[in-house]
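Undergrad: Only the shape, not the letters, is given here:
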C-alpha cells in the first residue's frame, strides 16, 4: 500500500516536471475552426469554418478551403465570437492594488497628458492571462486621476513587450472637473466642492487655451524653422487633441457634469470626443445622443449614484442610453477583474439593453469608438484573428471557453487561477502527509 | 455619524478660556431690589392669564401677583401696561456656561496625515486614561461652569432664567446641575446640584471607546462594575476586617445615585437610532432615564408614552427652504417640468413637516415634555418655536415645555415655572405675546435681578439712488463681535476694524484661538469687506478668507478655509448699532 | 391646503402607526421551485402561512383571504443569505484595541439604511452583518432579516439566531495595531499570541467566577472578580456559545487558527474570505470549519495575490461547507450571480451553486433549521426570479421575508428612502465605484489615508 502511494507520488512528480518543461505558450500558425457556429456580429450568425492564416481571419463560410498543414479544431456544438474589448481598465498597470508601488496608473500632477499608459503595461502581469481566458482579449488601459492624467492605449492581452501588445489606438484622457463626491470618505461641503470645481474648470480652460496657442505656434514653426521650439511635453501631447489627431476621452459621471461637458466641448469645437463613465447618462441620454458623443460606460455592476435613485439605475443605464440613440460601449474599470466584462454586459442586456446590443457594446462598438473597427470587433475576413471559441453565450457564467486566439496567436487556456485549481482540487497530500 | 471637518480637531485642541465680558458692574449698589411690574398681562402659568395685573418682586422672590395690589413704598415701579409677564424659561439640558475648551483633547490626533506621513495612532488607544476616553462622570457642572461665558447671556436674553447645565464631552461628560442664569460664581448660580448623570453616544477620538458600539458596551460594563464596587464599599464600611480596601474609583462612584434611582441618566439622543439605543441600555440595566434632544421622536411616541419616559425635545430644526420668487429663473433654463425633482422636493417638504410637528405630536398624545438647547442654536430658538406652533403646538403647550414641565422634571416646581407668590422671581417680560411675530424680550428677572433689553431699532433703509462717487458710506471702524457657525458649533471672537475713509485695516481675535491676527489685503467696497488671514495651528499654516457684508450695525458673510470648509459668520458692532464706544 | 390636511391627519392619528406585522401569508402558484435541499420541482405551489412554509405541492388551496401570486414560468428559490456584510449598521470597527470581543454591531443597527432595500432587490432576505477586521478579535456580529420599512432596529434582528463574533488574521490587524500604533500584533506570529492570550485570560476569568460562585454559599464576604465584558465574551466563545467568523486569507494563518481553536476546544468556526482556503481544504474539512468566500475577488492586496476563483469549487469538492458572500453593498445585490460563477470556475451543479448562498451560509450562521431551503416548517423567505437564478439574465421579481413581500419589481417606488434630509431635497451625487476598498476596514478612518493610497 505504502509502496503504491509512493509510486503514484513519483509518477505525479514526474508528470509535473514534464509539464513544466513544456509550458504552454501562445503560438502562431494556420488554424481552421470547423463545424462552428460563427457569431460575426456584423454579418449575423453563420455556420461552418473560420480559417486563421498569418494572424488574420482568412476565410469564413461553409465551404472554406483548408490549406495543407492547417491545424484543425472540430468546433461542433461550439460558437466563435470576436474577442471582447474592455473599454477601460487598468489591466497590466496594477499588480496588487493596495500595494501602491505596484500601481502605475496615477502619476503625480494634475496636468500630465504626456504620460503614456502603454509604457507602464507589464506584459507579464498575473492578471493578463486571468483576464484573457474569459474571452476579454483586448482592453483600453487608462491612466487615472488629476485633470489630464495621460494617454490611454488599446492593448491585446498577448505579447512580451508593450509594443507587441499595442492594438493601434490611443486616446487622451481627461477627468471633467466633478461636482460629485468620490465616496463615503469624501466629507467636503457643497460649497467647497463648488469652489473646487470652479477652480478646476478655470485650470481646464487655461490649459486648453494654452494648448490651442501652442498648436498654432507649432504649426507656424513647422513652416518657419527660425521660430524656436521649446521643450513642452504637456503641450506637445495636448496639441494632438487640438489638431484632432488624438481623440479626447472625457471621464464624466453626474448629470450636471455631463451637460456641462457637452456644452464645453461644443463651445471649444473639439472633435473626436468620447465620454467615459457616464454613470448618470440615463438622466441626460437625449442630450448625449443629440450631441453625437459616443460613450464608454461602466462598471455596470455598480450602486446607484444617489440615495433616491431606482435601485437598478446603473444596471439600466447602458440600455436607456442605447435606446435614446447613444453609441454605447462597456468597460469594467478594473485591474484584476476585467474578466467580469461579459457579466457586466449580461446585466446590461438583462436590464434593458438586450443581448445583441450588449454583445456589440463589447465588440464592434468599442472598436468603432477607438477607430480600429477595420482590424477588430467582429468576425470578418481580413480582420485580426482575435476571437474565442466557447460552449455558448459568453455572458452566461456556465459557458466555458475552449480555444482562444489573440492577434492570430493561439493562446493557451491557462492562468494562475487555473494552475492553482489543477494543483489543489485534489491536493498531493490529505490531512496526513 | 457624520465625520466632522478637521477644523474641529484644530480648534478644539486649542483654546483659551472664554473672553466674553459680562455687562459692566455700575460700581454702586442698586437703590432697591423691590420691583412692581404694574398693569401687565401676567401669564401666571400655561392656561392662566391675568389682565392689568401687578407683580411685586422682593428679595428675589415673587412677593405678590394680582390686580389692585398695594405697591410697596420701596418698590421701583415699572409701568408694564402693554407688556406680558411670563415665568422665566428653563432650559432642560444645556451647555450654556460650559467653556468650549472643556472639550477633551484626543491624544495624538492632529488631523489627516500629510502625504507620505504615517498615521500614528495613540499607542495607548486600547487603554486610555478616563479623560482621553471621555469617561468622567465625576465631573460636576458646577466645577466647570464659567459665569463669564457669553452663552449664558445668549440664553438669558431669549427669556431663560435657569438652565440644567451639563459638562460637554464624549461618552460620560459629567453630572449636571440646575443653575440660575446670573451670578458671579457657579456656586452663586447653583439652584440644585447633581440633577443628572449625562451620557452621550459620542465615542472618544482614536481611543477606546471610539464608536457607538464601544460606548454601548462600555456603558454596560461601567454600570455593572459600579454595582460591584458599591456593594464592596458597603461591605468594607460595615466591617473592613480581612478585606482588601475598595478601589475607590470616582468614575464608578459617580454612578451610585443612579444605582439608587435617585438620579436620572440624561441621555443625549437625537435621531431614531440613538433613541432606540438609549432605550436598549435602559431596559437592560433599569436606570431612571430622561431622553434629551429628540429630533425624530414621533416614531417612538407610543413607546415613550407607554413606558412613561421623560423627554426633552430638541429646539433645533433644519433651516426652512427659501421658496424661489416667481420670475427668478436661472438664465437659459428651460421651464420643462421635472417630475422627479418635484417628487423629491415633495418628500423633503413632508419630512420637514414631520420635524416641525414633532412637538405637536407629543402634545397630542398627552405627553409632557421640555425643551433642550444643547443640540440646537439659541439664535434660532424663537423662530423654531413659532414654526412648531404653526404646525399644531399650542402656545400653552410650548410655554409648559419651557416652564412648568422642566421645573417638575428637575424637582423644582415649588420654586420655578410659574408667576406665583413665593416662587423665585424668575420672570420674562415681552412687549407683545412672546410667541407673536416681532415680539421682543424687554426685561428678564433672575432671582429678582433685572436685565433690561432695548427693542431692536429697525435698520435704517438704505438711501435709494445714492449718486456714484457720492459721500462715502458710514465708517465701519470699531469693534465687532462675531460668531462663526461651524456645523453646529459656534466660534466667537472680536473683529477690530480701523476705517480711514474707506482704507481699512484691522485684526481679529478668537476666544478659541490665542493671539491677535492681522487682516491681510483688506478691501472694502460698498458694504463688502474682504480680507484674508493666516493662522498657525499646531505647526500648520491655515489661510482663512473672510467675505463680509456689512449692513448698519451688523454683518453676515462667509469664512472659508481651503481643504477644510466654508462657514457662515455673522457679527454685530459692540455697544449696539451705533457703536458709541 | 395639502399640507394642512396632512398635518390634520398627523395630529388626529397622533402619529402614523409604525408597529408593523413581521409575518404574513402568501400563496405562490405554479412556479419552478428550487428547494435547494429537495431538488427542483416543476409547476409547484408554495404556501406560506403566518411566516412559515406550510405546504409545498400541486393545487394547493390557500386559506381564505391569503394573497395569491401566480408565478407561472418563474423560478422560486429560498431567500438568499449573505454570510458577510456590513450593511444596516452605524459602526463597523471599534479599531482601538487588538481584542474588542465585548462590542456588538447589533447595538448599532440602522433600519433606515437604503442598502437593505437594494439587497432585497437582489433576492437577499437574511444578512450576517459584521464587525470589521481591524482587530484580531473584533466585535460580535448580528444576523438580521431584511424587514425593510420599519424604523425600529429590533425589527431587523433574527430573534434566536446564534451569537457570532468576528476574528481577523493577517494584514488588517497587523496594519491597524502593529503598523498603525506600534503595538502587537505586527506579524502573523503576533496575531496568534494575541488570540491565545485572550483565550487563556478568559479561561482564568471564568475559573475565578466559578470559584466565587462556589465560595459565596459558605462565605457571604466572598468578593467576585471585577466584571469584564471582554473576557466574559471570550469565555462564551470557549464555552461554545458564540460562533467564530474569522477574516482570513493565507493558508498558514487559517491553519494557525485551526490549531489554536483545537487547543482550546473551540469547535464552532467559520472562515471568512479565506482566499487561500483551497490550499488547506482537507484541514478545514477535517476540523469541520466552514468557509465563506468571494466568487472571484483577488489581488486587491498582497495576501490575496496567490488566490483563485476556483476556491469555492475546490472547497466544496473537498467537503468543506462553503458559502459565497458579498462583504459589499453592491455585490450583495447579485449573490445569485456570484454563486453562478462557481459553475464557470469549477463546474458546480445547480444545487451545489445555489447552496453556496442559501443552506450553506445558513449552516455557518447556525440557522439551517430555520432558513436556507424551501421546506415545510421553515421560515417563509423566498426570492422569485423571471429566469433561472444562475443565469446572468435573471432578474429578481419578488422578495418575500417571513411571508411578507418586501420587494416587488412591478411595484418598485424608485425612491425607497425611509429617511429624507429636508435641507437637501435632491440627494448629492455620490459615486463609490472603487472596487478595491476593503470594506472590512470601514470605521478606521483615522487610518483613512490607506483609502487614498490605493
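TA: The structure has been received and is ready for your questions. What you see is a predicted model, and the numbers here were worked out from it, not measured in a lab. Numbers count the residues shown, from 1 in each chain, chains lettered A, B, ... in the order given.

Undergrad: Checking the residue of chain C found nearest chain A next. Helix, strand or coil?
TA: With C-beta to the nearest C-beta, the shortest gap between chain C and chain A falls at residue C:392, namely 3.3 Å. All C-beta atoms are positioned from the backbone trio N, CA, C, and that covers glycine. Classification of residue C:392 by DSSP: H, G, I helix; E, B strand; the rest coil places it in coil.

Undergrad: my read: it touches residue A:397, true?
TA: Yes. Counting by C-beta atoms under 8 Å, residue C:392 touches residue A:397, with 6.1 Å between them.

Undergrad: so what sits against both of these two?
TA: A:343, C:337, C:340 (C-beta atoms under 8 Å, 6 or more residues apart in numbering or on different chains).

Undergrad: Filter these down to just the ones in helices.
TA: Judged by DSSP state H, helices contain the following of these: A:343, C:337, C:340.

Undergrad: Closest one to residue B:239 out of these, please.
TA: Checking those against residue B:239 by C-beta to C-beta gives residue C:337 as the nearest, at 70.4 Å.

Undergrad: ok, that closest one - contacts?
TA: Residues near residue C:337 by C-beta under 8 Å, 6+ apart: A:343, A:347, A:397, C:392, C:394.

Undergrad: So which elements touch the helix or strand encompassing residue B:195?
TA: Residue B:195 is located in strand B:190-199, with elements delineated by DSSP states H and E. For strand B:190-199, the packing partners by 3 or more C-beta pairs under 8 Å, 6 or more residues apart in numbering or on different chains; DSSP states H and E come out as strand B:160-165, strand B:174-180, helix B:256-259, strand B:264-268.

Undergrad: Next, the angle from the very next helix or strand once past it to strand B:264-268.
TA: Scanning forward in sequence from strand B:190-199 by DSSP H and E, the next helix or strand is helix B:212-238. On the basis of axes from the mean of the first three to the mean of the last three C-alpha atoms, to 10 degrees, helix B:212-238 is oriented at 160 degrees to strand B:264-268.

Undergrad: Now the residue in chain B that chain A sits nearest to, what are its backbone angles?
TA: The nearest approach of chain B to chain A comes at residue B:566, 4.2 Å away (C-beta to the nearest C-beta). Dihedral pair for residue B:566: phi -120, psi 140, per degrees, to the nearest 10.

Undergrad: How about residue C:205?
TA: According to degrees, to the nearest 10, residue C:205 has phi -60, psi -40.

Undergrad: and it, how many neighbours does it have?
TA: For residue C:205, the neighbour count with other C-beta atoms under 10 Å in any protein chain shown is 19.

Undergrad: Quick one: residues contacting the nearest residue to it once chain neighbours are set aside.
TA: In space, and not counting its chain neighbours, residue C:205 is closest to residue C:231: 3.9 Å by C-beta to C-beta, 6 or more residues apart in numbering or on different chains. Listed by C-beta under 8 Å, 6+ apart, the contact set of residue C:231 reads C:198, C:201-202, C:205-206.

Undergrad: State the pair within the residues you listed that is farthest apart.
TA: Pairwise distances across the contacts of residue C:231 (C-beta to C-beta) peak at 12.4 Å, for the pair C:198 and C:206.

Undergrad: Can you pick out the residue with more neighbours from these two?
TA: More crowded of residue C:198 and residue C:206, by other C-beta under 10 Å: residue C:198, with 23 against 18.

Undergrad: Does the more buried one lie in a helix or a strand, and which?
TA: helix C:188-216.

Undergrad: Give the rounded mean pLDDT of whichever helix or strand comes after that helix.
TA: Next along the chain after helix C:188-216, taking DSSP H and E as the criterion, comes helix C:229-238. For helix C:229-238, mean pLDDT is 98.

Undergrad: Check stretch B:504-512 too.
TA: Mean per-residue pLDDT for stretch B:504-512: 80.

Undergrad: Counting neighbours, which bits of that stretch end up buried?
TA: Residues of stretch B:504-512 classed as buried under the neighbour-count rule (16 or more other C-beta atoms under 10 Å in any protein chain shown) are B:504, B:506-512.

Undergrad: How about stretch A:267-280?
TA: For stretch A:267-280, the neighbour count (16+ other C-beta under 10 Å) marks A:268, A:270, A:272-280 as buried.

Undergrad: pLDDT added to these, as CSV?
TA: Formatted as CSV, the buried residues of stretch A:267-280 follow (pLDDT from 0 to 100):
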residue, pLDDT
A:268, 95
A:270, 95
A:272, 96
A:273, 98
A:274, 98
A:275, 98
A:276, 98
A:277, 97
A:278, 98
A:279, 97
A:280, 97
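
Undergrad: Which parts of the chain are helices?
TA: Here I'm looking at chain A. A:2-21, A:117-120, A:127-132, A:162-165, A:190-223, A:233-242, A:255-267, A:285-291, A:313-323, A:341-348, A:355-360, A:364-369, A:416-424.

Undergrad: wrong one, chain C
TA: Assigned by DSSP H, chain C shows helices spanning C:2-12, C:114-120, C:171-173, C:180-181, C:188-216, C:229-238, C:251-264, C:281-287, C:311-317, C:335-344, C:350-355, C:359-364, C:449-453.

Undergrad: ok, and does the second one reach over to chain A?
TA: Right, the one you point to is helix C:114-120. Yes. Using C-beta under 8 Å from any C-beta of the partner chain, helix C:114-120 comes into contact with chain A via C:114, C:117-118.

Undergrad: Could you name the helices and strands sitting against that helix?
TA: With contacts defined as 3+ C-beta pairs under 8 Å, 6+ apart, helix C:114-120 has these neighbours: strand C:404-408.

Undergrad: pLDDT averaged over the strand it packs on - what is it?
TA: Across strand C:404-408, the per-residue pLDDT values average to 98.

Undergrad: what's next to that strand, contact-wise?
TA: Here strand C:404-408 has contacts from C:21-24, C:26, C:51, C:67, C:117, C:120-121, C:125, C:146-149, C:396-400, using C-beta under 8 Å, 6+ apart.

Undergrad: Which ChimeraX command selects the buried ones in these?
TA: Entered in ChimeraX, the line below selects the buried ones among those, by 16+ other C-beta under 10 Å:
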select /C:22,23,24,26,51,117,120,121,125,146,147,148,396,397,398,399,400
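
Undergrad: Is there a neighbour count for the spatially closest residue to residue A:141 that is not a sequence neighbour? I'd like the number.
TA: In space, residue A:141 comes closest to residue A:117 once its chain neighbours are excluded; the distance is 4.7 Å by C-beta to C-beta, 6+ apart. Neighbour count for residue A:117, taken as other C-beta under 10 Å: 27.

Undergrad: before we move on, what about residue B:432?
TA: Neighbours of residue B:432 (other C-beta under 10 Å): 14.

Undergrad: sorry, back to before: in the buried residues of stretch B:504-512, find the pair that's most separated.
TA: Top of the distance list for the buried residues of stretch B:504-512 (C-beta to C-beta): B:504 and B:512, 24.3 Å.

Undergrad: Next SSE downstream of the helix or strand where residue B:353 lies?
TA: Using DSSP H and E, residue B:353 sits within helix B:339-364. Following helix B:339-364 in sequence order, the next helix or strand is strand B:369-372 (DSSP H and E).

Undergrad: Which stretches in chain B count as helices?
TA: For chain B, the helices defined by DSSP H cover B:7-13, B:130-133, B:141-144, B:150-156, B:186-189, B:212-238, B:250-253, B:256-259, B:272-285, B:301-307, B:339-364, B:381-390, B:395-402, B:404-409.

Undergrad: The ones you listed: which one's closest to residue A:405?
TA: helix B:339-364 (47.3 Å).

Undergrad: Return the distance of the closest one from the chain's centre.
TA: 25 Å (C-alpha atoms, centre = their mean, to the nearest Å).

Undergrad: other SSEs contacting that helix?
TA: Using 3+ C-beta pairs under 8 Å, 6+ apart, the elements in contact with helix B:339-364 are helix B:301-307, strand B:311-314, strand B:369-372, helix B:381-390, helix B:395-402, helix C:2-12.
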